[in-house]
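J.: The sequence and its predicted three-dimensional model are supplied below.
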Amino acid sequence: SLIKAGLIYDYTENRLVWEKNLEEQFPIASLTKMMVALITMEHIEAKKVSLDDIVTISKYATWVGGSKVYIKEGQKLSVSDLLQAAMIRSGNDAAYALAEHVGGGTEEVFVQLMNKKCESLGMDYTCFANSTGMPVRSKGLSDNESTAGDLLLLARELVKYESILDMTSRSTEKIQNANGLYTYDNRNTLVKK
């Protein structure tokens, strides 16, 4: 089969239906945004951040490559807007802007929070170097890596937040970019099917 690793999990029965190579590490790319969403939601629950907070987009967020929603430097967007852009459209620029805001101004602080969360959840085979999942070009750092088993631990935490489930179940959504509201398709094509 083409699938290198994965699992099917029955949440209501709390059991694995199928699994393959549960503890084999792979680069996880945009699945990174699951952790971005979890940490953001925990900060909202702790009242350190609000969905209505206004974030001024930094130049660094606009420099991020890969999947983007094309926000611009100086633009003001809410945490809610950025969360939708990151989770529905997999916007790397939006995820980076969220990381800066929740991390108190720097992505580096946010990445530390991501790795601490891994420890507390028992995600022993996971490490993060950035908030987007983009390949890492710095010496001494690896790409964001995890396993199917660790991602299950993360997913089980994330589904506790109904607003995230609601957000990620939408096949399309109007999301702010540099030119105003634009209708984007969900990057997860299974949602439409």
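T.: Sure, I can see it. Numbers count the residues shown, from 1 in each chain.
J.: which stretches of this structure have low pLDDT?
T.: 1 (pLDDT under 70).
J.: hmm, try it at 50
T.: By pLDDT under 50, the chain contains no weakly predicted segment.
J.: ranges for the helices of it?
T.: Secondary structure of the chain (DSSP state H): helices at 32-45, 59-63, 79-88, 92-102, 107-121, 148-158, 162-168.
J.: of all the ones you listed, which lies closest to Ala129?
T.: helix 107-121 (6.7 Å; C-beta to C-beta). C-betas here are computed from N, CA, C, even on glycine.
J.: contact partners of the closest one?
T.: 35-36, 38-39, 60, 96, 99-100, 102-103, 123-124, 126-131, 150, 153-154, 157 (C-beta atoms under 8 Å, 6 or more residues apart in numbering).
J.: same thing but at 6 Å, please
T.: For helix 107-121, contacts defined as C-beta atoms under 6 Å, 6 or more residues apart in numbering pick out 35, 39, 99-100, 102-103, 126, 128, 131, 153.
J.: what's the answer for stretch 148-167, then?
T.: 5-7, 9, 22-23, 34, 37-38, 41, 84, 87, 121, 123, 125-126.
J.: What are the buried residues along that stretch?
T.: For stretch 148-167, burial by neighbour count (16 or more other C-beta atoms under 10 Å) applies to 148-154, 157-158, 161, 164, 167.
J.: now stretch 119-138
T.: Buried, per 16+ other C-beta under 10 Å, within stretch 119-138: 121, 123, 125-134.
J.: rewinding a little: turn the helices of the chain into JSON lines, columns for distance to Leu16.
T.: Listed next are the helices of the chain as JSON lines, based on distance: least, C-beta to C-beta, whole Å:
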{"stretch": "helix 32-45", "distance to Leu16": "18"}
{"stretch": "helix 59-63", "distance to Leu16": "37"}
{"stretch": "helix 79-88", "distance to Leu16": "25"}
{"stretch": "helix 92-102", "distance to Leu16": "29"}
{"stretch": "helix 107-121", "distance to Leu16": "17"}
{"stretch": "helix 148-158", "distance to Leu16": "8"}
{"stretch": "helix 162-168", "distance to Leu16": "20"}
